[in-house]
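J.: Sequence first, predicted model second:
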2 protein chains.
Amino acid sequence: MQPYAATAELPAHKASLDALYSLIRPDLARVDALILERVRSDVPLIADVARHIIASGGKRIRPALTLICAQLCGYRGDQHIALASAIEFIHTATLLHDDVVDESKLRRGIATANDLFGNKASVLVGDFLLSQAFQLMVADGSPKVLRILSDTSAIIAKGEVMQLMTEGAPETTTERYLEVIAAKTAALFAAACELGAVAGGNPAYEAPLYDFGMHIGTAFQLIDDVLDYNADQETLGKTIGDDFREGKITLPVILAYAAGNAEEKAFWQRSLGDLQQQPGDLAAAIRLMDKHQALAQSVALAGEYCERARRAIDGFPPSPAKTAMLDMVDFCAGRVY
Amino acid sequence: MQPYAATAELPAHKASLDALYSLIRPDLARVDALILERVRSDVPLIADVARHIIASGGKRIRPALTLICAQLCGYRGDQHIALASAIEFIHTATLLHDDVVDESKLRRGIATANDLFGNKASVLVGDFLLSQAFQLMVADGSPKVLRILSDTSAIIAKGEVMQLMTEGAPETTTERYLEVIAAKTAALFAAACELGAVAGGNPAYEAPLYDFGMHIGTAFQLIDDVLDYNADQETLGKTIGDDFREGKITLPVILAYAAGNAEEKAFWQRSLGDLQQQPGDLAAAIRLMDKHQALAQSVALAGEYCERARRAIDGFPPSPAKTAMLDMVDFCAGRVY
């Protein structure tokens, strides 16, 4: 595999999210408490699925962005706790709905990500989590908050449908892919950051923090898509190839397909276009990506978005929150090293 | 099959929805136009699925309730058009999500209701329709509207999950069943009616119209569940037995199971509990329902809810809108004759 460092910029130090999480630790604990309170239900399946998905939800990166952006804006109140929780509910609902698998794939025995509870429970509990987000935003009552979160939900839904339509189409363009991830991923990062500014109460901060979120969200998704083909991940105990098995068309595929010869294009068409996969196809896909530097180019593009994220918050005076956000950008840029 | 008329009250005349629809025709045309405008999308799959589900959505009974209730309250403005549209969006989103089928059933070859577009498109386009409902309610901006619609979404989601949990459990109680349909069906009817009152601007009308909606919605679902086992429907070209094939536990099943002997209980357990269905099972189920008057009792209960709906609007002075609503109740009560 190509060394990514050749095309992507190395962060100056080994970045981590430690500074970020230490600054927001008390706030994030309140977000967790609010989320758990809202998913406590007399319906056991709701409580079970919600607890499972929330427990396995990772780093709470999206609510963390709301909290740190509120802090960057000098906010001292309580509003950001509910807003950060609403963002996490929208995210977990999207995760559950994104895991729903089509009949055609099930018939071919393609593994489902939601085997534990089933398609239908994933959909319905996802709806419940979404309704919790809407109740939180209605309780907040700010017209700006309502507008941001309802618009963001519409954008995400549209982005998810757009992604579904690119499945099986390796000839998808880079522009289309960027449009899809802006909608399905980056828009929620942007809303998370913008809501921090809304809580902060200074409208001048909303646009730059929205931009920060769009750029870091785009970089985050680009890197995620690269990691799914990164064999080094396997040594970390993470699975790779999920996107490949599901026929998802991500930038590494798009770049390798576009640069490929007729025989290679036929390989992509068979394995991802028609989902007729054979043993060894994933390894072959990674070899083709290496040949055309598709992963390295994707990482380089992520690096560009990270740089845009840094520039978006240039105008903020130095503060621990700003340093933590810049660290976060470096961490994002450096996830594949 | 038992003649239902023996236990349910016959309406005095052949009721229809004609009066209702003729009163609201111009308003309903505006609702349709708004809905079609909101689902017009540059994403073809969204436009296709949305148009399909909306075109096949039947009588627009829920938005019709908002419109007629607004009229009952003497409302002359525009607010009810967007509210009725939001109600229909929530309904169509619920339809799409309710059609998602579990892996286990697909593996057994049980037909899917959303074969046309697939599980995943149904989920994601449903999310898009839901987001349209939320954008409409946010654009409306009334805190009461926001509270009603966000709470209703949460109640519906909970009701859908509760229904999922009753699947395969013919020992479910009547009380539990009524709780499920109150949440998954009647709550949206109630919200539809209450929003008509909110548009009308007289808070005193909200509670009686909410009650009207809860009762008519409950009756509506009870009758729907009966019709799924009504062989007369087949002569009208409608399919019966969908609920049976999917293992849905509805009141006719609950009553027949509760009244059944050990052998009959074993039949219900095998066919619905374990979904191990054999040819002739549906006919056998209908015979057992007839034996125990399970369908007639369900119709009688629907009749009681219809009576409660009538009483809920007793206090309104006579008006064409009130007459149309009473006709609607008669129509609902009479759907199985």
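T.: Looks like it came in fine. Not measured: the values here are computed from a predicted model. Numbering: from 1, shown residues only, chains lettered A, B, ... in the order given.

J.: make it CA atoms for all contacts and neighbour counts henceforth
T.: Fine.

J.: where does the stretch 101-250 of chain A dip in pLDDT?
T.: A:101-116, A:231, A:233-238 (pLDDT under 70).

J.: near chain B, which residues of it?
T.: Counting by Cα under 8 Å from any Cα of the partner chain, the positions of the stretch 101-250 of chain A adjacent to chain B are A:101-103, A:106-107, A:118-121, A:123-125, A:127-128, A:131-132, A:134-135, A:138-139, A:141, A:143, A:146-147, A:150-151, A:153-154, A:157-158, A:160-162, A:164-165.

J.: quick one: which of the residues you listed sit in helices?
T.: A:103, A:106-107, A:119-121, A:123-125, A:127-128, A:131-132, A:134-135, A:138-139, A:143, A:146-147, A:150-151, A:153-154, A:157-158, A:160-162, A:164-165 (DSSP state H).

J.: Can you give the distance of stretch A:45-57 from its chain's centre?
T.: 19 Å (Cα atoms, centre = their mean, to the nearest Å).

J.: scratch that, stretch A:152-169 is what I was asking about
T.: 14 Å.

J.: quick one: contacts of it?
T.: A:90, A:98, A:172, A:179-185, A:187-188, A:191, A:247-249, A:269, A:272-275, B:43, B:45-46, B:121, B:124-125, B:127-128, B:131-132, B:135 (Cα atoms under 8 Å, 6 or more residues apart in numbering or on different chains).

J.: and what of stretch A:54-61?
T.: A:Glu88, A:Thr92.

J.: let's see 6 Å
T.: For stretch A:54-61, there are no surrounding residues in contact (Cα atoms under 6 Å, 6 or more residues apart in numbering or on different chains).

J.: At which residues are the strands of the stretch 201-337 of chain A located?
T.: Counting by DSSP state E, counting those that start in this stretch, the stretch 201-337 of chain A has no strands to list.

J.: How about it: which residue is closest to chain B?
T.: A:Glu246 (12.4 Å; Cα to the nearest Cα).

J.: doesn't A:Ala186 make contact with A:Met214?
T.: Yes: between A:Met214 and A:Ala186 there is a contact under Cα atoms under 6 Å: 4.8 Å.

J.: Could you work out the end-to-end span of stretch A:256-273 for me?
T.: One end of stretch A:256-273 to the other measures 14 Å (Cα to Cα, to the nearest Å).

J.: where's A:Ala64 relative to A:Leu23, distance?
T.: 10 Å.

J.: more crowded one of these two?
T.: A:Ala64 (26 against 17; other Cα atoms under 10 Å in any protein chain shown).

J.: mind checking which helix or strand that one is in?
T.: If you go by DSSP states H and E, A:Ala64 is part of helix A:61-72.

J.: and the helix or strand following that helix, which residues are buried?
T.: Next helix or strand after helix A:61-72 toward the C-terminus (DSSP H and E): helix A:79-98. Within helix A:79-98, the residues scored as buried using 16 or more other Cα atoms under 10 Å in any protein chain shown are A:79-98.

J.: Which secondary structure elements does helix A:79-98 sit against?
T.: The contact analysis (3 or more Cα pairs under 6 Å, 6 or more residues apart in numbering or on different chains; DSSP states H and E) places helix A:79-98 against helix A:61-72, helix A:119-140.

J.: Just send those helices back as TSV, with distance to B:Ala258 too.
T.: Below are the helices and strands packed on helix A:79-98 laid out as TSV (distance: least, Cα to Cα, whole Å):
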stretch	distance to B:Ala258
helix A:61-72	49
helix A:119-140	27
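
J.: do you know which of the ones you listed lies nearest A:Pro208?
T.: Taking Cα to Cα as the criterion, helix A:61-72 is the member of these that comes nearest to A:Pro208, at 10.6 Å.

J.: Pull the distance from that closest one to the chain's centre.
T.: On Cα atoms, centre = their mean, the centre of helix A:61-72 falls 15 Å from that of its chain.

J.: same check, this time on stretch A:83-99
T.: 11 Å.

J.: tell me the mean pLDDT over it?
T.: Taken as a whole, stretch A:83-99 has a mean pLDDT of 93.

J.: Contacts only, for A:Gln277.
T.: A:Ser271.

J.: What score does it have for pLDDT?
T.: A:Gln277 is given a pLDDT of 93.

J.: same question, A:Pro11
T.: Confidence score, pLDDT, at A:Pro11: 45.

J.: same thing with A:Ala29?
T.: Note on A:Ala29: pLDDT of 93.

J.: just the one 10 residues further on next, same as before
T.: Predicted confidence (pLDDT) for A:Val39: 88.

J.: swap in A:Leu36?
T.: 89.

J.: Distance of A:Ala186 relative to chain B?
T.: 17 Å (Cα to the nearest Cα, to the nearest Å).

J.: which residues does that residue contact?
T.: A:Ala186 touches A:Met214, A:Gly217, A:Thr218, counting by Cα under 6 Å, 6+ apart.

J.: Just these: which are in helices?
T.: A:Met214, A:Gly217, A:Thr218.

J.: count of neighbours near the first one?
T.: Same thing as A:Met214. 29.

J.: got the contact list for it?
T.: By Cα under 6 Å, 6+ apart, the neighbours of A:Met214 are A:Ala186, A:Ala190.

J.: cutoff 10 Å now
T.: Each residue near A:Met214 by Cα atoms under 10 Å, 6 or more residues apart in numbering or on different chains is listed here: A:181-183, A:185-194, A:208, A:220, A:305, A:308-309, A:312.

J.: Confirm for me that A:Tyr21 is in contact with A:Pro320.
T.: No: here A:Tyr21 does not reach A:Pro320: they are 11.5 Å apart, not a contact under Cα atoms under 10 Å.

J.: Could you name every residue contacting both of those two?
T.: Common neighbours of A:Tyr21 and A:Pro320 (Cα under 10 Å, 6+ apart) are A:Ile68.

J.: ok, these two, which is more surrounded?
T.: Legend: neighbour count by other Cα under 10 Å for A:Tyr21 and A:Pro320, higher for A:Tyr21 (19 against 14).

J.: got a pLDDT number for that one?
T.: Reading off the model, A:Tyr21 has pLDDT 94.

J.: Show me just the buried residues among the contacts of stretch A:152-169.
T.: Buried among those by 16+ other Cα under 10 Å: A:90, A:98, A:172, A:179-185, A:187-188, A:191, A:247-249, A:269, A:272-273, A:275, B:45-46, B:121, B:124-125, B:127-128, B:131-132, B:135.

J.: which residues sit in contact with the nearest residue to A:Val123 once chain neighbours are set aside?
T.: Spatially, and ignoring its direct neighbours in sequence, A:Val123 is nearest to A:His97 (5.5 Å; Cα to Cα, 6 or more residues apart in numbering or on different chains). Counting by Cα under 10 Å, 6+ apart, A:His97 touches A:91, A:114, A:119-127, A:160, B:97, B:120, B:123-124, B:127.

J.: distance of A:His97 from B:Arg25?
T.: Distance from A:His97 to B:Arg25, by Cα to Cα: 37 Å.

J.: What of A:Gly196?
T.: A:Gly196 is 46 Å from B:Arg25, by Cα to Cα.

J.: ok, now A:Gly118?
T.: Taken as Cα to Cα, the span from A:Gly118 to B:Arg25 is 42 Å.

J.: just A:Ala321 next, same as before
T.: Per Cα to Cα, A:Ala321 is found 57 Å from B:Arg25.
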